[in-house]
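J.: How does the following fold in three dimensions:
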Amino acid sequence: MKLNKKTIIISSIIVASIVLLIAVAAIIKINVNKPKNLLKELQNSVDLQIKGFVYTEVGENNAKYEVKAETATYDKKQNLAVLDKIQITLTTSEGKIYVIKADQGQMLTDKKNIEIKGHVVIHSEEGYVFTTDYLKYNDAEKKFYTDAPVAMEGKKMKITGKGLTLFMNKNELKIPSRVRATIN
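T.: Presented below is the predicted three-dimensional model:
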């Protein structure tokens, strides 16, 4: 039996299509059965990456702070957690609550010191809003501080200055220099 050229071409296309479909099905089956990577491939120095990071520290006289971040990476050798989209809820020993938000920061996990930066905003339960470029926390002294310009706004006043210190265990807030106030 002699096959014409048209029949050979059509048969070849059908066989190639079947082989291609079998190959695609095999690849799909392999990918379905392969375990998914739960963590993204991390930088060489990063030991762990966490989504929905939460850290709580309770101190003397029930003063405490809670650090939340959208994501955190942890480098065990440096005891360093690098945080993105941060919210810190600070409760002083007198029960006053401050909520601090920033774009990014880092925490030395062995010393529990924190540094945050990028659109740092502090809200107090009394309705005051503080803004600054960056803010640090020293756990040994139980204080939040910055030497950057600071603005504080309340219902009837606005205060600007340079620097800010907030002692957790003393319920004491200071703006040390270049203080200007506008009262409405």
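J.: doesn't residue 103 make contact with residue 117?
T.: Yes: in this structure residue 117 lies within contact range of residue 103 using CB atoms under 8 Å: 7.0 Å. For glycine as for every other residue, the C-beta is placed from the backbone atoms N, C-alpha and C.
J.: what bridges to the nearest residue to residue 166 once chain neighbours are set aside?
T.: Leaving aside its chain neighbours, residue 166 sits nearest to residue 144 (4.4 Å; criterion: CB to CB, 6 or more residues apart in numbering). Applying DSSP bridges to residue 144 gives these bridge partners: residue 137, residue 166.
J.: Residue 176 versus residue 144, what's the distance?
T.: Noted for residue 144: a distance of 14 Å to residue 176, by CB to CB, to the nearest Å.
J.: anything in contact with each of the two?
T.: Residues within reach of residue 144 and of residue 176 at once, by CB atoms under 8 Å, 6 or more residues apart in numbering, are residue 165.
J.: Those two - which one has more neighbours?
T.: In this view residue 144 and residue 176 are compared by other CB atoms under 10 Å, and residue 144 has more residues nearby, 23 against 13.
J.: Make sure the more buried one is actually in contact with residue 135.
T.: Yes: with contacts counted by CB under 8 Å, residue 144 reaches residue 135, the gap being 5.8 Å.
J.: Overlap in contacts, those two.
T.: With CB under 8 Å, 6+ apart, residue 144 and residue 135 have common neighbours 100, 164.
J.: Does residue 9 belong to a helix, a strand or coil?
T.: What DSSP: H, G, I helix; E, B strand; the rest coil gives for residue 9 is helix.
J.: and residue 158, what does it touch?
T.: Counted by CB under 8 Å, 6+ apart, residue 158 has contacts 151, 152, 181, 182, 184.
J.: Would you state the helices of this protein in chain order?
T.: According to DSSP state H, the chain carries its helices in the segments 5-33.
J.: Centroid-nearest residue for it?
T.: By CA atoms, centre = their mean, the chain has its centre lying nearest to residue 84, at 2.3 Å.
J.: How much space separates the residue lying closest to that one once chain neighbours are set aside from residue 120?
T.: Take residue 84 and drop its neighbours on the chain: the residue closest to it by CB to CB, 6+ apart is residue 71, 4.8 Å away. Counting by CB to CB, the separation of residue 71 from residue 120 is 18 Å.
J.: Which residue lies closest in space to residue 57, excluding its sequence neighbours?
T.: Nearest residue to residue 57 in three dimensions, chain neighbours excluded: residue 65, at 5.5 Å (CB to CB, 6+ apart).
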